[in-house]
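K.L.:
3D, please:
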Amino acid sequence: MVLLTFLLILVLQCEVGLSETEHILYLTPGNDVVMPCDNVPDTCSRIIWAYSRSESQTIIMVDNGIVEKNSAQAARLSLHSNCSLSINNITAEDAGLYSCRPEGDDDQDTNVYLNILTISAFPSDADPKKDGNVTLECSLFRYYTTSPCNSMRWVDETGSVLLDRGVKNTGRTCVSLLTVKLQSGNKKRYTCQFEDNNTVKIEAHYTPVLIDRSFLNCIMWALRFAGLTIMIVIMVLVIRHKGRKKPPEDINVHYVGDRDEDTVNYENVRNRTADPELD
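P.N.:
Have a look, this model is predicted:
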């Protein structure tokens, strides 16, 4: 009898444990995500979606199947017919815990942990035409928790592990810094990976955009030569135009007689001499 009671308690505990489900998602900014709701009721009008960055901050995003318009993410949210929640064009600020709960069923939650991995370069205004050092920052945004950051590492395009400056845990964010030297013509790619239980869950890439200075110099010389050629052509055209333009001669039209009105005589004023018969 005691054994039967023990087994019954164990079965009930397992059923309660299975009533709440969890999903852990890893994404990079700019993607779209669909978060499942496992314990779907007959209609989504009984569904509530809540969002939490920490245990003390919870926001209702979907209430009774309707997206809350006051939510900062409202324009990017949509509820599917199966009660799953979509977020378009995710950002680092979307990281956190999302809970789907049928109204009145506190033990039927579906918890989705959304983790966002980002890479930033500092200084962000580094001149792409110059070589120099740049610090890469890889950040994993997640639900605030005291759990460790597990493993973050940097690798190059060959897969070789690079020496970083360690991983810092700020609670909601795991941060890893890597300082690299950028060189023109050196097409390197740096990848930040996040591992859990020796499995890469997510990775993000950074490829420097550098301008080859030798190629840039060729372009500059070509532009200078083209500009000089255009100036020379313009000067030649101006000189030719001035050479063709001559001052007009002063032509005087003199009508001879009164009877024949159609007869005219053209004389050059410069060569005209006094003629008493015409006066």
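
K.L.:
Can I get stretch 163-181 in CSV, CA atoms only?
P.N.:
C-alpha atoms of stretch 163-181 as CSV (Å, rounded to 0.1, in the frame of the first residue of the first chain):
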residue,chain,number,x,y,z
LEU,A,163,42.4,34.8,-27.5
ASP,A,164,39.7,37.1,-26.1
ARG,A,165,39.6,39.3,-23.0
GLY,A,166,37.4,36.9,-21.0
VAL,A,167,33.6,36.8,-20.5
LYS,A,168,31.8,39.2,-18.3
ASN,A,169,28.4,38.3,-16.8
THR,A,170,26.2,41.3,-16.1
GLY,A,171,23.1,39.3,-15.2
ARG,A,172,21.0,39.9,-18.3
THR,A,173,24.0,40.0,-20.7
CYS,A,174,27.0,37.9,-21.3
VAL,A,175,29.8,40.0,-22.9
SER,A,176,33.0,38.9,-24.6
LEU,A,177,35.6,41.4,-26.0
LEU,A,178,38.2,40.7,-28.7
THR,A,179,40.8,43.2,-30.0
VAL,A,180,41.9,42.7,-33.6
LYS,A,181,44.2,44.5,-36.0
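
K.L.:
Pull out the buried residues from it.
P.N.:
Asp164, Val167, Arg172, Thr173, Cys174, Val175, Ser176, Leu177, Leu178, Val180 (16 or more other CB atoms under 10 Å). (Glycine included, C-beta is placed from N, CA and C.)

K.L.:
so who does the residue lying closest to Asp196 once chain neighbours are set aside touch?
P.N.:
Counting by CB to CB, 6 or more residues apart in numbering, Asp196 lies nearest to Asn150, which is 5.0 Å off, once chain neighbours are set aside. By CB atoms under 8 Å, 6 or more residues apart in numbering, the contact list for Asn150 reads Cys174, Phe194, Glu195, Asp196, Asn197.

K.L.:
re the thing from before, got the buried residues of stretch 163-181 as TSV, with secondary structure columns?
P.N.:
Below are these laid out as TSV (DSSP: H, G, I helix; E, B strand; the rest coil):
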residue	secondary structure
Asp164	coil
Val167	strand
Arg172	coil
Thr173	strand
Cys174	strand
Val175	strand
Ser176	strand
Leu177	strand
Leu178	strand
Val180	strand
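
K.L.:
Max pairwise distance over those residues: which two?
P.N.:
Pairwise distances across those (CB to CB) peak at 26.2 Å, for the pair Arg172 and Val180.
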